[in-house]
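Novice: missing the sequence, but the structure's below:
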């Protein structure tokens with residue numbers, strides 16, 4: 001199986017909540033901070049950083065790891 005590269009050209013700002021709680025009725029994790037439900041997509045790293053700086057958001061950049069792509073075909077299963 002080969003994994004696709006869909007949406008790997010986007011940069012995302014995700015918000016994390018500091019103090020998640022437990023919902024007493026269902027037992028699920030909950031928070032009053034609705035920013036944790038928000039994901040913002042940008043077409044470049046520079047745009048994402050500029051947005052974070054402009055809106056005084058503390059940010060951390062996680063660079064994507066380089067992937068080694070080995071192209072395979074179905075016929076390769078039967079050659080060796």
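Specialist: In hand now; what should we look at? Nothing here was measured: the structure is a model prediction, and the numbers come from that model. Residues are numbered from 1 along each chain as shown.

Novice: Would it be right to say that residue 48 lies in a helix?
Specialist: Yes: when DSSP: H, G, I helix; E, B strand; the rest coil is applied, residue 48 is found to be in a helix.

Novice: That one contacts residue 42, doesn't it?
Specialist: Yes: applying Cβ atoms under 8 Å as the test, residue 48 and residue 42 come out as touching, 4.1 Å apart. Where C-beta positions appear, they are placed from N, C-alpha and C, glycine not excepted.

Novice: Quick check: end-to-end length of stretch 29-37?
Specialist: 12 Å (Cα to Cα, to the nearest Å).

Novice: To clarify, my last question referred to stretch 32-47.
Specialist: 28 Å.

Novice: Now that stretch: buried residues?
Specialist: 36, 42 (16 or more other Cβ atoms under 10 Å).

Novice: mean confidence for that stretch?
Specialist: Mean per-residue pLDDT for stretch 32-47: 86.

Novice: Ok, stretch 50-66 next?
Specialist: Stretch 50-66 comes out at a mean pLDDT of 89.

Novice: tell me, what's touching residue 48 and residue 42 both at once?
Specialist: 11, 12, 13 (Cβ atoms under 8 Å, 6 or more residues apart in numbering).

Novice: where does the first one fall, phi/psi-wise?
Specialist: Torsion angles at residue 11 (phi, psi; degrees, to the nearest 10) stand at phi -110, psi 140.
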